[in-house]
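**Student:** Pasted the sequence and its predicted model underneath.
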Amino acid sequence: MEPINEVIRKNFNTLTNRQKIVAKYILNHPQQIAFQKAKEVGELTTTSETTVIRLCYALGYNGFSHLQKEIQTTLLEIGQTDPLEKYRVSTGALSQNNDDLIKQIKEGDIAFIAKTLDSLDGELYKKIIDAILYSKKRCVVGMRSSYAAANWLAYSLNIVKGSTHLYRGEIDDAISLISDMDKESLVIAISFPRYAQETVSFVKAAKKKGAKIIAITDNEISPLGSFADLLVKVYTPSPTGLNGMATMFSLLNVIVSGVASSKWEEVQNRINDYEQTSGQFFPFFEQ
């Protein structure tokens, strides 16, 4: 069976409001769910034992014990060492000393990067790379604080792969872009709180045209979650736009590097062509 976070993501919009409360608790507290009773989960979420059990059935499990066993298996596979907890313990005292700010930020970034990349399943990673490699047209979408990351990703994919468009809401015609999409198109959407409605609307419309969607976001049940064919969860301190860029660009670097290494000879030729064209276009940089 799929990991619990994927099961919840795909079924979240079909759940009742009370079931959604329990589902969010499961996503945020898997360690507790692994050892609590259904009645205790109901009390902690101010719902009920019945709601918890009905949620299990709605997600396709035989009952709470079945869901619990799936979570326990997942925790055993990924281990329970939390880089964020290590960060809190190792830097808690440093937060009182401005002289140690650089060290504190460095260790925090390392912890979040490690948690994000460690949670990136190998099978999911391969699917992401394949989706980029074998799509005919690619469009990267990211608004407001996500725009810088989207810009870099589109630029890098154009160098290593080509045919990648950065959606620029202030000048692009979204309707024209989306109308040309089909099942061979790929949209890579980046969105974090507060989620830009324009990004969500773009993804929703592209999905209806048959495009495959890769969502890079902070939560399985973010507004992009229900539209994503592939979802990458990024762990960052809040707000992401100010504090999470190190983690974001590390993840994007892993994705671009995966594309480049899969077609290395082709990438080398593209880079050589790029550099030659750059030299012809900017001759005044030549010695």
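**Tutor:** Arrived safely, thanks for sending. Residues are numbered from 1 along each chain as shown.

**Student:** Just the element for residue 138, please.
**Tutor:** strand 137-142 (DSSP states H and E).

**Student:** packing partners for that strand?
**Tutor:** Here strand 137-142 touches helix 147-160, strand 164-166, strand 185-190, helix 197-208, going by 3 or more C-beta pairs under 8 Å, 6 or more residues apart in numbering; DSSP states H and E. Where you see a C-beta, it was placed from the backbone N, CA and C, and this is true even at glycine.

**Student:** Now do the buried residues in the one helix or strand residue 110 maps to.
**Tutor:** Here residue 110 sits within helix 101-118, counting by DSSP H and E. Residues of helix 101-118 classed as buried: 104, 107-116 (neighbour count, 16 or more other C-beta atoms under 10 Å).

**Student:** Just say which of the helices and strands packed on strand 137-142 is most tucked in.
**Tutor:** strand 185-190 (a mean of 27; mean count of other C-beta atoms under 10 Å).

**Student:** Kindly calculate the angle that that one makes with strand 137-142.
**Tutor:** Between strand 185-190 and strand 137-142, the angle comes out at 20 degrees (axes from the mean of the first three to the mean of the last three C-alpha atoms, to 10 degrees).

**Student:** any idea of the mean pLDDT in strand 185-190?
**Tutor:** Average pLDDT, strand 185-190: 95.

**Student:** again with stretch 145-158
**Tutor:** 92.

**Student:** Provide the contact partners of it at residue level.
**Tutor:** Outside stretch 145-158, the residues that touch it by C-beta atoms under 8 Å, 6 or more residues apart in numbering are 132, 138, 140-142, 164-167, 188, 190-192, 196, 199, 239-242, 245, 248-249, 252, 255-256, 259.

**Student:** Which entries within those residues meet the buried criterion?
**Tutor:** Members of those classed as buried by 16+ other C-beta under 10 Å are 132, 138, 140-142, 164-167, 188, 190-192, 196, 199, 240-241, 248, 252, 255-256, 259.

**Student:** okay but residue 50 is in contact with residue 39, surely?
**Tutor:** No. Here residue 50 does not reach residue 39: they are 9.7 Å apart, not a contact under C-beta atoms under 8 Å.

**Student:** quick one: the strands in the stretch 151-287 of the chain?
**Tutor:** Using DSSP state E, counting those that start in this stretch, the strands of the stretch 151-287 of the chain run over 164-166, 185-190, 212-217, 230-233.

**Student:** Of all these, which one comes closest to residue 35?
**Tutor:** strand 230-233 (23.1 Å; C-beta to C-beta).

**Student:** tell me what the closest one is packed against?
**Tutor:** Counting contacts by 3+ C-beta pairs under 8 Å, 6+ apart, strand 230-233 is packed against helix 4-11, helix 122-134, strand 212-217.
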